[in-house]
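Colleague: for reference, the sequence and a predicted model appear below.
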Amino acid sequence: MIADARKWGKAVFSGSIRMLEAEYQKTARRDAVLRAGGIRLALFGREFYLDENQLEKTWQPPCFFQQYEQDISAVMDRLRKEYPRIYPYEEDAVRFWYAEYYYAALETLCRDMMGEIRESREYRMLNKTEDF
């Protein structure tokens, strides 16, 4: 079953990634990434780890997670035609495997945007150590 999931998943993802690439070439999407401020900082020192305020903000890029769910539905529909009884743990295995594609796509997006992020006013205003 996983072999079939890999075969169909690759086909589904090849179409999805082209759509996501086109979506994130749009100026509005790239600007949204810059405005998100989704930079995780590891802060050390008593004043940080005893602070009651949350020091983390989560960014969920538009389109990615919705497209992931659509892809999973398409792959699972094809699998259910071949394998009538799919247990939840088997679907979880397919989801877990398929997520690797989307993690790689997010990594590529972040690497692609790194120059723009480093040029943003917010990034330049951060107090950074030499090895930041």
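Modeller: Good, I have the coordinates. Numbering: from 1, shown residues only.

Colleague: lowest-pLDDT helix or strand in this protein?
Modeller: helix 46-49 (a mean of 58; mean pLDDT, DSSP states H and E).

Colleague: what count of nearby residues applies to Asp4?
Modeller: Residues lying near Asp4 (other Cβ atoms under 10 Å) number 14. Just so you know, the C-beta spots here come from the backbone N, C-alpha and C atoms, and that holds for glycine as well.

Colleague: which strands or helices does the helix or strand that contains it pack on?
Modeller: Using DSSP states H and E, Asp4 falls within helix 2-23. With contacts taken as 3 or more Cβ pairs under 8 Å, 6 or more residues apart in numbering; DSSP states H and E, helix 2-23 sits against helix 64-82, helix 88-119.

Colleague: compare the mean pLDDT across these and name the weakest.
Modeller: Among those, helix 88-119 has the lowest mean pLDDT, at a mean of 90.

Colleague: ranking the helices and strands packed on helix 2-23 by burial, who's on top?
Modeller: Of all the helices and strands packed on helix 2-23, helix 64-82 carries the top mean neighbour count, a mean of 15, counting by mean count of other Cβ atoms under 10 Å.

Colleague: that older thread, could you list the buried residues of the helix or strand following the helix holding Asp4?
Modeller: Next along the chain after helix 2-23, taking DSSP H and E as the criterion, comes helix 27-36. Within helix 27-36, the residues that count as buried by 16 or more other Cβ atoms under 10 Å are Arg29, Val33, Leu34.

Colleague: give me the contact list for helix 27-36.
Modeller: The contact list for helix 27-36 (Cβ atoms under 8 Å, 6 or more residues apart in numbering) reads Glu23, Tyr24, Trp59, Pro61, Pro62, Cys63, Leu109, Met113, Glu116, Ile117, Ser120.

Colleague: any chance of the residues you listed in JSON lines, plus distance to Val75?
Modeller: Formatted as JSON lines, these follow (distance: Cβ to Cβ, whole Å):
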{"residue": "Glu23", "distance to Val75": "21"}
{"residue": "Tyr24", "distance to Val75": "23"}
{"residue": "Trp59", "distance to Val75": "26"}
{"residue": "Pro61", "distance to Val75": "21"}
{"residue": "Pro62", "distance to Val75": "22"}
{"residue": "Cys63", "distance to Val75": "18"}
{"residue": "Leu109", "distance to Val75": "22"}
{"residue": "Met113", "distance to Val75": "28"}
{"residue": "Glu116", "distance to Val75": "33"}
{"residue": "Ile117", "distance to Val75": "32"}
{"residue": "Ser120", "distance to Val75": "37"}
